[in-house]
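1. how would this look folded up:
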Amino acid sequence: MTQSKLISRLMILFALCLLLSFLAPNFLRTENLVNILRQAAILNILGIGMTLVILTGGIDLSNGAVLALSSCVSAIYLKEGGSIPVGILISLGIGLACGLINGWMIARLLIPPFVITYAMMFFARGLAYIVLQGKIMYGFSKTFRFLGAGHLFSIPTPILFSVFALLVFYFLL
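-> Numbering: from 1, shown residues only. Coordinates of the predicted model:
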């Protein structure tokens, strides 16, 4: 990206923030900006993974649905009294399994990545709905909630995870 494009985009961002600060007086408050960063953290982590896929010439439409499926199954396990490390491993295992299925079908069956990941998106989303039976899960332990809603040194943990992932993959790339 050229320097003039970067400067123009930063000017547009600044103008947008200025406009929003006039339209919503609480927009530039620290609490609101931290809330925006907290909500964007999960998308940032998914975006890092998607960047790796796109850099290799592929595409993955299923990552959000696989995230939903793996978190639903892991949440049910944790609600039944399971341990947090095993719950995380279950979640990672489901993500790995879905990724391996996608990769195998793309590499061995030569089905285009768009088609396979689109199908996996619907499969994972539907399976997540079936697993949760349309219900909302709540009442998790304080230790588990710390991972997604806690604070470390007054910084929300999702933001810290997001920055950590960004630094790791920046170094790798």
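
2. When you work out contacts or count neighbours from here on, use the C-alpha atoms and nothing else.
-> Fine.

3. following the helix or strand bottoming out on mean pLDDT in the chain, which helix or strand shows up next?
-> Across the helices and strands of the chain, mean confidence by mean pLDDT, DSSP states H and E is lowest for helix 142-149: a mean of 82. Where DSSP states H and E defines the elements, the next helix or strand beyond helix 142-149 is strand 151-152.

4. Could you tell me how far that following strand lies from the centre of the chain?
-> Put simply, strand 151-152 sits 19 Å off its chain's centre (C-alpha atoms, centre = their mean, to the nearest Å).

5. What of stretch 159-173?
-> That offset, for stretch 159-173, works out to 13 Å (C-alpha atoms, centre = their mean).

6. thinking again about what came up before, residues contacting the least confident helix or strand of the chain, please?
-> Ile84, Pro156, Thr157, Pro158 (C-alpha atoms under 8 Å, 6 or more residues apart in numbering).

7. try 6 Å this time
-> Pro158 (C-alpha atoms under 6 Å, 6 or more residues apart in numbering).

8. ditto for stretch 37-55
-> Identification of contacts with stretch 37-55 by C-alpha under 6 Å, 6+ apart yields Ile59, Pro158, Ile159, Ser162.

9. got the buried residues for that stretch?
-> Residues Leu37, Arg38, Ala41, Ile42, Asn44, Ile45, Ile48, Met50, Thr51 are the ones in stretch 37-55 that count as buried (16 or more other C-alpha atoms under 10 Å).

10. Show the pLDDT at the last one.
-> Going back to what we said before, that points to Thr51. Listed pLDDT for Thr51 reads 90.
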